[in-house]
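Student: just need the structure, nothing else, for what follows:
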Amino acid sequence: MVDVLELGPLMIRWTWLYLITSAVIGFWVMKVVLKRKSPDNLPIIDALSSGLILAIIIWKISPAFTELSLLNQPLSLIMYPGTPLGIQIAIAALLLYTAYAIWRSKLDWQVAMDTLAVGWLAASFVYLLSHWQYGSLTTVPWGITLPDPSLRYHPINVYILLLMIPLVWVLRRLVFGQGRVAYYGFIGYGVIVLLISWFESKMIVSMGLSKEQIIAVSCIAIGFMTRAVNYFIRRNYYSEKDSSASS
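Tutor: Numbers count the residues shown, from 1 in each chain. As a prediction, this is how the structure comes out:
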């Protein structure tokens, strides 16, 4: 399958269209959830939008981090895909900027992380539904084929979607705005992708990991980071409460 949509002289990768569509729907879902669950924190959407734009810019220019000569022709960066290092830096920039914007606007950190988790899972669900993702060769009868029908491949996107269903069911039972949706959501998604990566055609890009595995590990790290921040928030809250009671 050709991964390029040709519109006259303009060529657009289908993958980018899938990602853009998924991101738009993810943000729409976040806005709907905030309106229902925590309307006072709707400015979180603006913070996340700005952080996402910053992350995309960093990801797109990331080839120049290792090939400085590309800076002499900045327009050429549009044609280059982002690098695995760029993904890591972009995710870090997204989180740091969002955290700063939330702190500056005095918004609820736990609501923000739960909202981010909901948007991430919604966008991932749409992206996985949008097209086939071929894994390694297999002989199972449900394998999907390319033009050569004698070869079958694991349908990676179907595997992840099936495992996301019980994850979403568990998350729906949690109270929104306490950080638990983010903790279980990000870690659950990361573990699912790591497990399914065993059925992928391994394309090592950095530190012995594939691009999908890097994203999965990043999600797990975000989940544990959310847990740690929630712990410190609760500890400070109860410490201040005890101090007020004793005085």
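Student: can we go C-alpha only for contacts and neighbour counts from here?
Tutor: Noted.
Student: where in the chain is pLDDT low?
Tutor: 1-12, 68-69, 71, 74-81, 202, 204-206, 234, 236-247 (pLDDT under 70).
Student: now the helices for it?
Tutor: For the chain, helices defined by DSSP state H occupy the ranges 14-37, 43-61, 63-66, 84-105, 109-130, 156-172, 180-196, 211-246.
Student: need those in JSON lines with distance to residue 139 and mean neighbour count, can you?
Tutor: As requested, these are arranged in JSON lines below (distance: least, CA to CA, whole Å; neighbours: other CA atoms under 10 Å):
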{"stretch": "helix 14-37", "distance to residue 139": "27", "mean neighbour count": "17"}
{"stretch": "helix 43-61", "distance to residue 139": "37", "mean neighbour count": "19"}
{"stretch": "helix 63-66", "distance to residue 139": "38", "mean neighbour count": "16"}
{"stretch": "helix 84-105", "distance to residue 139": "31", "mean neighbour count": "18"}
{"stretch": "helix 109-130", "distance to residue 139": "22", "mean neighbour count": "22"}
{"stretch": "helix 156-172", "distance to residue 139": "14", "mean neighbour count": "16"}
{"stretch": "helix 180-196", "distance to residue 139": "17", "mean neighbour count": "23"}
{"stretch": "helix 211-246", "distance to residue 139": "23", "mean neighbour count": "16"}
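Student: so which of those gets nearest residue 203?
Tutor: helix 211-246 (7.8 Å; CA to CA).
Student: tell me who's in contact with residue 58.
Tutor: 86, 89, 90 (CA atoms under 8 Å, 6 or more residues apart in numbering).
Student: distance to residue 54 added to those residues, as TSV?
Tutor: Listed next are the contacts of residue 58 as TSV, based on distance: CA to CA, whole Å:
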residue	distance to residue 54
86	12
89	11
90	8
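Student: do you know which of the helices of the chain lies nearest residue 138?
Tutor: Closest among the helices of the chain, using CA to CA: helix 156-172, at 11.7 Å.
Student: hmm, who's touching that closest one?
Tutor: For helix 156-172, using CA under 8 Å, 6+ apart, the contacting residues are 125, 128-129, 132-135, 181, 184-185, 188-189, 192-193, 196, 199-200.
Student: can you check stretch 223-230 too?
Tutor: 110, 113, 179, 180, 182, 183, 184, 185, 186, 187.
Student: gap between residue 165 and residue 172?
Tutor: Going from residue 165 to residue 172 by CA to CA, to the nearest Å gives 11 Å.
Student: about what we covered before: closest one of the contacts of residue 58 to residue 99?
Tutor: Distances from residue 99 to the contacts of residue 58, taken by CA to CA, are shortest for residue 90, at 14.0 Å.
Student: test my guess that the closest one contacts residue 56.
Tutor: Yes. With contact defined as CA atoms under 8 Å, residue 90 and residue 56 form a contacting pair (6.9 Å).
Student: still on that earlier bit, any chance of the helices of the chain in a markdown table with distance to residue 150 as columns?
Tutor: What follows is the helices of the chain, written out as a markdown table (distance: least, CA to CA, whole Å):
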| stretch | distance to residue 150 |
| --- | --- |
| helix 14-37 | 26 |
| helix 43-61 | 38 |
| helix 63-66 | 38 |
| helix 84-105 | 33 |
| helix 109-130 | 25 |
| helix 156-172 | 19 |
| helix 180-196 | 23 |
| helix 211-246 | 27 |
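Student: quick one: closest of the ones you listed to residue 143.
Tutor: Going by CA to CA, the one of those nearest residue 143 is helix 156-172, 9.7 Å.
Student: give the contact list for the residue most central in space within the chain.
Tutor: Nearest residue to the geometric centre of the chain (CA atoms, centre = their mean): residue 120, 5.0 Å. Residue 120 is in contact with residue 26, counting by CA under 8 Å, 6+ apart.
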